[in-house]
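> Everything below, folded, please.
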Amino acid sequence: MSFFKKIFSSEKKETLDKGLEKSKTSFLSKLGKAVAGKSKVDDEVLDNLEEVLVTSDVGVNTTLKVIERIEERVSKDKYLGTDELNLILREEIAGLLSETNSGEEKEFTIPEDKKPYVLMVVGVNGVGKTTTIGKLAYQFKKQGKKVVLGAADTFRAAAIDQLQIWADRVEVPIVKQSMGSDPASVAFDTLKSAVSQDADVVIIDTAGRLHNKVNLMNELTKVKRVMQKVVDDAPHDVLLVLDGSTGQNAFEQAKQFTKATEVTSLAVTKLDGTAKGGVVIGISDEFQIPVKYIGVGEGIEDLQVFNKYEFVDSFFK
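Numbering: from 1, shown residues only. Below you'll find the model as predicted:
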C-alpha cells in the first residue's frame with residue numbers, strides 16, 4: 001500500500017515512535033510468540049493472532065474484523081508466509097481506521113467558516129481533560145488564533161484552578177465563576193465574551209462525573225442549548241477525552257459518554273506510559289467516531305493530531 005512510502009515529519013514521528021514504544025514492544029513480542037516455528041499463516045496462527053490482538057486492547061469486535069480480513073487474504077493468496085503477517089496487519093488496520101478517520105491530518109486546524117469555533121470537552125476526571133484543553137489552546141494560539149477558555153466544570157474547585165493555571169501558562173483569557181455555579185451560565189458567559197473579543201476558538205471544559213448518566217445528559221444538553229443562544233450551531237465539536245492507559249475501561253467510558261451526549265471526536269491520552277496503545281484502534285472502530293488527537297508525552301507539544309498512517313507505522317514497524 002502507498003502509505004508505507006510516505007515521508008513522515010521527523011520530529012513529530014520520533015515523538016510518536018517513542019510514545020508508542022511500550023505498546024509496540026509488547027505487541028511484537030506477543031506476535032513473535034504467536035508465529036514461532038510457523039512459516040505459513042494457518043488456523044493456529046490466526047487463533048494465536050486473535051489472542052494477541054485482544055490482549056493488546058484492540059477489543060473483541062475489532063479483532064474479529066481484522067481476523068476476518070486476514071482470513072480473506074489467506075483464502076485468496078493460498079499461501080501466506082508468517083514473515084508477511086506484520087505488513088498485512090499494518091495494511092488491514094490502516095484500512096479499518098480509514099473507515100472512521102478520513103484524512104492524513106497533520107496540523108491543528110479549525111474550519112474557517114465557524115467563528116468562533118466552539119469546542120466542548122467531555123470526559124471523566126483524571127483522564128487528562130484539563131491538560132488536553134491547555135495543550136489545544138497552546139497549539140491554536142501558536143497558529144495565531146485568538147482562544148478563550150470556559151471553566152464550566154463547576155463541580156470541583158480543583159478543575160477551575162487547573163484550567164486557570166493552563167490559561168496563565170498559555171496566556172489566553174478564561175471565563176469562570178465560583179464552584180457550584182451553573183455550568184450552562186459559565187458556557188453562556190464564555191461565548192458572550194468570545195464573541196465580544198472576536199475570538200477564533202472557544203474551548204469549554206465540562207464536569208467529569210459519570211455516576212449518574214441521566215444528570216450528566218441533562219447537564220450537557222442544557223449547556224449546549226444555552227450556548228446556542230449566543231452561537232446558533234454551537235458546539236461545533238464535542239471532544240471526548242479518554243485515558244489510553246486504562247485499556248478496556250476506556251471502552252466503557254466511551255460507551256457511557258456516547259449514550260449521554262453526541263460525541264463527535266476523540267482524544268486518547270497517556271499512551272506513552274502504557275502498553276495499551278491498541279485501544280486507539282478498537283475505540284475508533286467500535287464507536288465509529290474519529291480519533292482527532294493523541295497524547296504521547298507530558299510536554300506541551302506532546303499532544304498530536306492523530307494521523308492513522310503515522311500511528312500504524314509506529315505501532316507495527
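> what about the most centrally placed residue in the chain, which helix or strand?
Averaging the C-alpha coordinates of the chain gives a centre point, and the residue nearest to it by CA atoms, centre = their mean is A267 (2.3 Å). Here A267 sits within strand 265-269, counting by DSSP states H and E.
> avg pLDDT for that strand?
Mean pLDDT, strand 265-269: 95.
> next structured bit after that strand?
helix 279-287.
> That next one packs against which elements?
Under the contact definition 3 or more CB pairs under 8 Å, 6 or more residues apart in numbering; DSSP states H and E, helix 279-287 sits against helix 60-77, helix 85-98, helix 248-260, strand 265-269, strand 291-295. For every residue, glycine as well, the C-beta is placed using N, CA and C.
> try 6 Å
Here helix 279-287 touches helix 60-77, helix 85-98, helix 248-260, going by 3 or more CB pairs under 6 Å, 6 or more residues apart in numbering; DSSP states H and E.
> Give me the contacts around that helix.
For helix 279-287, the surrounding residues in contact (CB atoms under 6 Å, 6 or more residues apart in numbering) are 57-59, 61-62, 93, 96-97, 100, 244, 247, 250, 254, 258, 268, 291.
> Give me the angle between that helix and strand 265-269.
160 degrees (axes from the mean of the first three to the mean of the last three CA atoms, to 10 degrees).
> got the buried residues for helix 279-287?
V279, V280, I281, G282, I283, S284, D285, E286, F287 (16 or more other CB atoms under 10 Å).
> ok, back up a step: and the residue nearest to the centre of the chain, bridged to which residues?
V241, Y293 (DSSP bridges).
> Contacts only, for it.
T132, L239, V241, Y293.
> so can I have JSON lines of the residues you listed showing pLDDT?
Shown next, in JSON lines, are those (pLDDT from 0 to 100):
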{"residue": "T132", "pLDDT": "97"}
{"residue": "L239", "pLDDT": "97"}
{"residue": "V241", "pLDDT": "96"}
{"residue": "Y293", "pLDDT": "95"}
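> Would you mind saying which of the helices and strands packed on helix 279-287 lies nearest D113?
In terms of CB to CB, the element of the helices and strands packed on helix 279-287 nearest to D113 is helix 85-98, at 25.8 Å.
> quick one: contacts of the helix or strand that the closest one is followed by?
Counting by DSSP H and E, the element after helix 85-98 in chain order, helix or strand, is strand 117-122. Around strand 117-122, the neighbours that count as contacts under CB under 6 Å, 6+ apart are 110, 129, 133, 201-206, 231, 234-240, 257.
> do you know which of the helices and strands packed on helix 279-287 lies nearest A158?
That would be helix 248-260 among these, by CB to CB, at 19.8 Å.
> and the closest one, average pLDDT?
89.
> what's the answer for stretch 199-206, then?
97.
> Over to stretch 77-96?
Rounded mean pLDDT across stretch 77-96 is 84.
> pLDDT of stretch 153-173, averaged?
pLDDT averaged over stretch 153-173 gives 95.
> Same question for that stretch: list its buried residues.
D153, T154, F155, A159, I160, Q162, L163, W166, A167, V170, V172.
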